[in-house]
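J.: predicted model, plus sequence, below.
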Amino acid sequence: MDLKPKHNSPVLTDPVPVNNSRLGLPSNITPYSPQGPAYPSSSMYLTISRRKPMPSKLDDVRHGGLPDAMGSSSPPRKKLNKDFSSESASVEQDAAYRTWMLKYPSALNALEHITTCAKGKKIALFLDYDGTLSPIVDNPDHAYMPTAMRTAVKNVAKYFPTAIISGRSRDKVYEFIGLTELHYAGSHGMDIIGPVRESKSIDDHPNCIRSTDKQGKEVNLFQPASEFLPMINEVFRSLVENVKDIRGAKVENNKFCVSVHYRLVDEKSWPAVAHCVRDVLKDYPRLRLTHGRKVLEVRPVIDWDKGKAVEFLLESLGVSNCDDVLPIYIGDDRTDEDAFKVLRERNRGYGILVSSVPKESKAFYSLRDPSEVMEFLNALVKWKKSAAS
């Protein structure tokens with residue numbers, strides 16, 4: 001079978017932590033925000049005046065149809081027709097998945113093709129976290145990465161420049177992974193620590209500063225949405241207050257974006273979650289609303305996404321305009337599509353979608369779940385070792 005796709009070819013302190021006293025929340029309300037030594041307490045809380053909206057194409061979920069969007073992004077398990085057994089339904093689903101894989105072949109089966117393309121080039125690896133390195137769990141605070149996966153990521157980083165690009169706050173995803181060998185981009189790429197390299201496009205950027213990490217290594221800290229930080233904290237406070245009576249709803253402060261998780265919310269209450277979020281955002285035209293797998297995310301309206309983060313990190317690594325680099329991005333979420341799109345349009349690397357169900361994507365290849373991601377990472381290491389021997 002032709003395995004080529006059917007296409008053309010560590011951590012700085014959070015400067016503005018969130019706590020109940022600063023937000024003026026009652027003591028019985030616990031906002032979901034990363035805790036620990038990287039989050040010192042602060043009594044300062046800023047407010048900023050409203051500004052005119054920045055030109056942008058906003059998601060239609062902001063203005064209507066949000067409950068429907070929540071359902072479509074989090075499809076319930078199919079109810080079986082009484083005339084069909086679960087076994088026949090499983091066979092049908094497997095057949096659909098195999099057909100889908102004709103367009104998005106398994107990256108494991110295509111490893112030989114990928115490594116052949118990588119000969120004479122340096123692989124740069126970009127990884128999402130939730131659903132890619134760790135399984136999707138009911139409580140987002142418990143999305144721990146298995147020890148075997150951490151070992152696989154640590155090993156792959158020995159041979160290839162490796163970056164994590166997550167919707168989580170940068171400090172939170174580092175807390176989960178705990179590896180200093182990686183580069184980290186949190187808040188969908190709006191908070192990046194990257195290697196220092198003399199580059200005019202980076203050094204002259206007003207939102208990029210030189211700093212040092214906890215190991216004393218000099219790094220570039222890039223935060224293109226820094227002016228939104230007070231606004232995001234303000235919205236976080238309002239969302240915590242608005243959804244406090246909806247059982248199972250959890251609000252997570254991801255520094256430059258706010259996530260409202262409804263995985264533990266009864267489906268009948270999803271419209272209530274949607275109403276609460278819309279009620280808050282109507283006063284913030286400079287923020288947009290997107291949705292992922294049982295999560296609503298509030299983000300600044302800026303021309304920045306995971307695709308732009310990949311380009312920035314490639315520039316930081318000094319390989320953005322080189323023909324001898326092969327970027328590989330592995331992710332499972334809608335927000336990862338921006339990175340897949342960049343690699344496709346540059347025609348220089350491969351996007352790999354992690355999914356156990358058929359879905360349209362701009363990726364070239366697929367992996368079924370995090371266990372296959374780990375297998376793929378281990379296979380890359382094995383190939384690199386054998387190529388060097």
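T.: Yep, that arrived. Fair warning: this is a prediction, and the values are worked out from it, not measured in the lab.

J.: contacts only, for the closest residue to R278 other than its chain neighbours.
T.: Computed as Cβ to Cβ, 6 or more residues apart in numbering, the closest residue to R278 that is not its neighbour in sequence is L66, at 6.4 Å. Using the backbone N, CA and C atoms, a C-beta is placed for each residue, glycine as well. Shown in contact with L66 (Cβ atoms under 8 Å, 6 or more residues apart in numbering): A274, V277, R278, L289, H291, L296.

J.: average pLDDT for the strand or helix carrying the first one?
T.: When secondary structure is defined using DSSP states H and E, the element that contains A274 is helix 270-281. Taken as a whole, helix 270-281 carries a mean pLDDT of 95.

J.: hmm, L287 and M231 touching each other?
T.: Yes: the criterion here is Cβ atoms under 8 Å, and M231 meets it with L287 at 7.0 Å.

J.: any idea how far the closest residue to L179 other than its chain neighbours is from A110?
T.: Counting by Cβ to Cβ, 6+ apart, L179 lies nearest to K154, which is 5.5 Å off, once chain neighbours are set aside. Plainly put, K154 is 24 Å away from A110 if you go by Cβ to Cβ, to the nearest Å.

J.: ok, the two, which is more surrounded?
T.: A110 (23 against 18; other Cβ atoms under 10 Å).

J.: can you read off the pLDDT for the more buried one?
T.: Reported pLDDT for A110: 97.

J.: I'd like the distance between L296 and W270.
T.: 10 Å.

J.: do V251 as well
T.: For V251 relative to W270 (Cβ to Cβ), the value is 15 Å.

J.: who has more neighbours, those two?
T.: V251 (27 against 21).

J.: hey, what's the residue lying closest to L239 once chain neighbours are set aside bridged with?
T.: Spatial nearest neighbour of L239, chain neighbours left out: V251 (4.8 Å); criterion: Cβ to Cβ, 6+ apart. Per DSSP bridges, the residues bridged to V251 are V260.

J.: give me the longest helix you can find in this protein.
T.: helix 370-388 (DSSP state H).

J.: contacting residues around that one?
T.: 106-108, 111, 115, 119, 123, 125, 127, 131-135, 146, 148-149, 152-153, 155-156, 158-160, 330, 352, 354, 367.

J.: out of those, which are buried?
T.: Among the contacts of helix 370-388, those scoring as buried are 106-108, 111, 115, 123, 125, 127, 131-134, 149, 152-153, 155-156, 159-160, 330, 352, 354, 367 (criterion: 16 or more other Cβ atoms under 10 Å).

J.: give me every residue that touches the spatially most central residue of the chain.
T.: Nearest to the geometric centre of the chain sits S166, at 3.0 Å (Cα atoms, centre = their mean). Listed by Cβ under 8 Å, 6+ apart, the contact set of S166 reads D128, Y129, D130, V173, Y184, A185, G186, H188.

J.: reformat those residues as a markdown table; add neighbour count.
T.: Listed next are these as a markdown table, based on neighbours: other Cβ atoms under 10 Å:
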| residue | neighbour count |
| --- | --- |
| D128 | 25 |
| Y129 | 23 |
| D130 | 24 |
| V173 | 30 |
| Y184 | 27 |
| A185 | 25 |
| G186 | 29 |
| H188 | 27 |
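
J.: now, those residues that are in helices?
T.: Using DSSP H, the contacts of S166 in helices are V173.

J.: of the contacts of S166, closest to S211?
T.: Relative to S211, the closest of the contacts of S166 is Y184; by Cβ to Cβ it sits at 13.2 Å.

J.: who touches that closest one in this structure?
T.: P10, V11, A163, I164, S166, R170, V173, Y174, I192, I193.

J.: which ones among those residues lie within strands?
T.: Among the contacts of Y184, DSSP state E puts A163, I164, I192, I193 in strands.

J.: name whatever forms a beta bridge with the last one.
T.: Right, I193. Under the criterion used (DSSP bridges), I193 bridges to Y184, L221.

J.: ditto for the first one
T.: The residues paired with A163 through beta bridges, assigned by DSSP bridges, are F126, H183.

J.: all strands for this structure, in order.
T.: Under DSSP E, the chain gives strands at 122-127, 162-165, 183-186, 191-195, 208-212, 218-222, 250-253, 258-261, 287-292, 295-300, 325-331, 350-354, 365-367.

J.: need those strands in a markdown table (columns: distance to S386 and mean pLDDT).
T.: Below are these laid out as a markdown table (distance: least, Cβ to Cβ, whole Å; pLDDT from 0 to 100):
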| stretch | distance to S386 | mean pLDDT |
| --- | --- | --- |
| strand 122-127 | 15 | 96 |
| strand 162-165 | 20 | 96 |
| strand 183-186 | 26 | 94 |
| strand 191-195 | 27 | 84 |
| strand 208-212 | 37 | 75 |
| strand 218-222 | 33 | 82 |
| strand 250-253 | 42 | 96 |
| strand 258-261 | 41 | 96 |
| strand 287-292 | 38 | 91 |
| strand 295-300 | 40 | 95 |
| strand 325-331 | 17 | 96 |
| strand 350-354 | 20 | 98 |
| strand 365-367 | 21 | 98 |
